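A.B. asks: need a structure here:
(one chain, ligands or ions: 1)
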Amino acid sequence: MDLEPWAAYGLELQDLGPKGRGLVAGKDFRCGEVLFREKGFRAKSPEHLALEVLASAEARAQVSHLHTGPLCHLEGETDDEKFSRAAMPEPCPTEFPRKYSKVRFNSFELNGCCFLPIMALFNHSCAPNAAITQLPPHEECHTAMVVVAEQGIARGTEIVYSYNSDCLFVPLRERRKRLLSNWGFLCKCSRCQVEEEAGLEDDEEEPPEMPQLLSWEEVDLKNVNLFQARHEVLHHPGIPFSERKQIFSAQLAAAVQLAPYLHPSLGTIYEELHDLCEASKPHTHAEKVAKFFSELGETGNALWPPTGK
Ligand SMILES: C[S@@+](CC[C@H](N)C(=O)[O-])C[C@H]1O[C@@H](n2cnc3c(N)ncnc32)[C@H](O)[C@@H]1O
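C.D. replies: Below you'll find the predicted structure:
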């Protein structure tokens, strides 16, 4: 087994202090560049996913070097505890909860629960410079990571994506609350740290109600309201314009499957993006994202006045 499979893509694994390890660009990447592709595991629930991953000897070996999430949820009579005791396929019973926890805290939602060993090494950011795109065939857990930062990613910069794009659109305290309860960590990303230092957490109002993204099957015009709600959050004057663009580009990549049901003003561009995605060209898709942003930066947009520019 290749011990450092990320190196082939120009990525370096580094110790990043409070966030643990993370993947850093070993060279410059352009906006729209596909960082790498990976095929992993997908299941309908974290429990099924853990069982599937742990059933494969190769995957078990890949799991062993990953970060172990907080194990507290395995203490006491939680569902996780019951599940881990009932499943227990491992020869060493004490080892199973630990491996289960590793799968659980290194997996993410992308049309189901997904586990990809390299992807599991990227840290989260509320101002991501990359996003994950699903590649066809859609039944397989086959993904690519694409640079969404308009300025690209310079060598030495950490590559980060959002573990939950819904999080990007709520204020600091609420973001941290969600990440803490779903992922078990206090977010130390650059955006959270800047906002913390600026004291934004203290004078935060209640966050606006943020409807959940609907799944592909459930897509309907409710997403227009959802999209508008998100734009209102993005107009928050505390967020610099360049950062808002970056956050939005990650969201755009994540929301591409919902096209063309999003805001009518963006219908045309979303339709184009959707077509490009359908044609399985994530690179072209991301170039379109980049073009969209440079145009947006030049002209502004009724939905997105560049007030903080
Ligand atoms: C999927 S792993 C990412 C790789 C991990 N840093 C490692 O050393 O293996 C997720 C874990 O990384 C840490 N992490 C990721 N993003 C973070 C962030 N923005 N702030 C603080 N910790 C973070 C948390 O401990 C989280 O549970």
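
A.B. asks: what bits of this protein have low per-residue confidence?
C.D. replies: Counting by pLDDT under 70, the chain contains low-confidence ranges at 1-2, 68-99, 133-138, 150, 165-166, 168-170, 200-309.

A.B. asks: got the residues of it near the ligand?
C.D. replies: 18-22, 66-67, 69, 105-106, 120-121, 123-125, 183-185, 187-189 (CB under 6 Å from any ligand atom). Every residue, glycine included, has its C-beta placed from N, CA and C.

A.B. asks: inside helices: which ones of those?
C.D. replies: Trp183 (DSSP state H).

A.B. asks: of the residues of the chain next to the ligand, just the buried ones, PyMOL syntax please.
C.D. replies: To isolate the buried ones among the residues of the chain next to the ligand in PyMOL, judged by 16 or more other CB atoms under 10 Å, type:
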select buried, resi 19+21+22+66+69+105+106+120+121+123+124+125+183+185+187+188+189
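
A.B. asks: just the ones in strands from the residues of the chain next to the ligand, please.
C.D. replies: Arg21, Gly22, Asn123, His124 (DSSP state E).

A.B. asks: where's the third one relative to Lys19, distance?
C.D. replies: For Asn123, the distance to Lys19 under the criterion CB to CB, to the nearest Å works out to 5 Å.

A.B. asks: what's the answer for Glu174, then?
C.D. replies: 20 Å.

A.B. asks: next, give me the two most distant ones among the ones in strands among the residues of the chain next to the ligand.
C.D. replies: Greatest spatial distance in these: Arg21 and His124, 13.2 Å, computed using CB to CB.

A.B. asks: list the buried residues of the helix or strand containing Cys192.
C.D. replies: According to DSSP states H and E, Cys192 maps onto helix 190-197. Residues of helix 190-197 classed as buried: Arg191, Cys192, Val194, Glu195, Glu196 (neighbour count, 16+ other CB under 10 Å).

A.B. asks: who does that helix touch, helix- and strand-wise?
C.D. replies: helix 172-183 (3 or more CB pairs under 8 Å, 6 or more residues apart in numbering; DSSP states H and E).

A.B. asks: any chance you could map the strands in the stretch 101-250 of the chain?
C.D. replies: Secondary structure of the stretch 101-250 of the chain (DSSP state E, counting those that start in this stretch): strands located at 107-109, 113-115, 123-124, 130-134, 142-147, 160-161.

A.B. asks: Provide the strand pairings for the fifth one, with the direction of each partner.
C.D. replies: Going back to what we said before, that points to strand 142-147. Using DSSP bridges, the strands paired with strand 142-147 in its sheet are strand 34-39 (antiparallel), strand 130-134 (antiparallel).

A.B. asks: what do you get for the first one?
C.D. replies: Each strand pairing with strand 107-109, determined using DSSP bridges, is listed with its direction: strand 113-115 (antiparallel).

A.B. asks: which residues touch the strand it pairs with?
C.D. replies: 40-46, 48-49, 53, 59, 103, 106-108, 141, 143 (CB atoms under 8 Å, 6 or more residues apart in numbering).

A.B. asks: now it: buried residues?
C.D. replies: Buried, per 16+ other CB under 10 Å, within strand 113-115: Cys113, Cys114, Phe115.

A.B. asks: which one of those is nearest to the ligand?
C.D. replies: Phe115 (10.1 Å; CB to the nearest ligand atom).

A.B. asks: show me what the closest one is bridged to.
C.D. replies: Bridge pairing for Phe115 - DSSP bridges - gives Phe41, Ser107.

A.B. asks: excluding chain neighbours, what is closest to Val34?
C.D. replies: Ala144 (5.0 Å; CB to CB, 6 or more residues apart in numbering).

A.B. asks: distance of the one you found from the ligand?
C.D. replies: As for Ala144, its distance to the ligand is 18 Å (criterion: CB to the nearest ligand atom, to the nearest Å).

A.B. asks: could you give the bridge partners of that residue?
C.D. replies: Arg37, Thr133.

A.B. asks: what is the neighbour count of it?
C.D. replies: By other CB atoms under 10 Å, 19 other residues sit near Ala144.

A.B. asks: so it sits right up against Arg37, yeah?
C.D. replies: Yes. Look at Ala144 against Arg37 with CB atoms under 8 Å: they come within range, at 4.6 Å.
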